[in-house]
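Visitor: Sequence isn't available, so here's the structure alone:
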């Protein structure tokens with residue numbers, strides 16, 4: 001995972017091409033400026049997940065950086081705060097909207113009624129019962 005990929009793999013550093021691994025299948029690049037990234041790194045990307053109001057622009061800028069045709073965008077309106085724009089680059093299909101779940105805070109920040117069954121409180125209680133001999137060891 002490479003955060004701020006436009007700084008670590010800048011388009012201006014053509015000499016970095018020889019440093020890139022031949023197989024980058026498991027790589028994740030995080031950037032708001034794909035057009036500022038090294039083209040050779042961009043060519044390895046198969047899936048794009050874009051967020052925010054300019055999500056469609058991120059995909060368009062990605063395509064421009066590679067001198068590729070932009071995908072046909074279906075009308076989807078502004079993305080909600082719980083939505084992202086996904087695109088399988090080589091699929092020939094249009095980008096699509098995906099609803100995502102927001103992360104839950106750790107149970108220690110939740111009220112007891114909101115806690116998951118296996119929360120910190122559950123384990124603390126279980127440890128206390130084990131200490132006092134009320135629960136057998138597994």
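Guide: Received it, and whenever you're ready, just let me know what you need. Small disclaimer: the values here were computed from a predicted structure and weren't measured.
Visitor: what stretches of the protein score poorly on pLDDT?
Guide: 7-8, 17-18, 21-24, 104-138 (pLDDT under 70).
Visitor: Which parts of it are helices?
Guide: 5-8, 39-42, 55-65, 120-131 (DSSP state H).
Visitor: Now do the third one: which elements does it pack against?
Guide: Read it as helix 55-65. On a contact count with 3 or more Cβ pairs under 8 Å, 6 or more residues apart in numbering; DSSP states H and E, helix 55-65 meets helix 39-42, strand 47-50, strand 83-88. Glycine gets a C-beta too; all of them are placed from N, C-alpha and C.
Visitor: Could I get the buried residue list for the second one?
Guide: Neighbour-count burial for strand 47-50, with 16 or more other Cβ atoms under 10 Å as criterion, is recorded at 48-50.
Visitor: Which residues does that strand contact?
Guide: The contact list for strand 47-50 (Cβ atoms under 8 Å, 6 or more residues apart in numbering) reads 56, 58-59, 62, 84-89, 95, 98.
Visitor: Also the longest one?
Guide: Under the criterion Cβ under 8 Å, 6+ apart, residues 46-51, 55-56, 58-59, 71, 76, 79, 94-100 lie in contact with strand 83-88.
Visitor: In ChimeraX, how would I select just the buried ones from those residues?
Guide: Buried residues among those (16+ other Cβ under 10 Å), as a ChimeraX selection:
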select :48,49,50,55,56,58,59,71,79,95
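Visitor: closest to residue 30 among the contacts of strand 47-50?
Guide: The nearest member of the contacts of strand 47-50 to residue 30, counting by Cβ to Cβ, is residue 58 at 11.5 Å.
Visitor: Leaving out the residues flanking it, which one is nearest to the closest one?
Guide: Of all residues not flanking residue 58 in the chain, residue 50 sits nearest, at 4.1 Å (Cβ to Cβ, 6 or more residues apart in numbering).
Visitor: which residues does that neighbour form a beta bridge with?
Guide: residue 85 (DSSP bridges).
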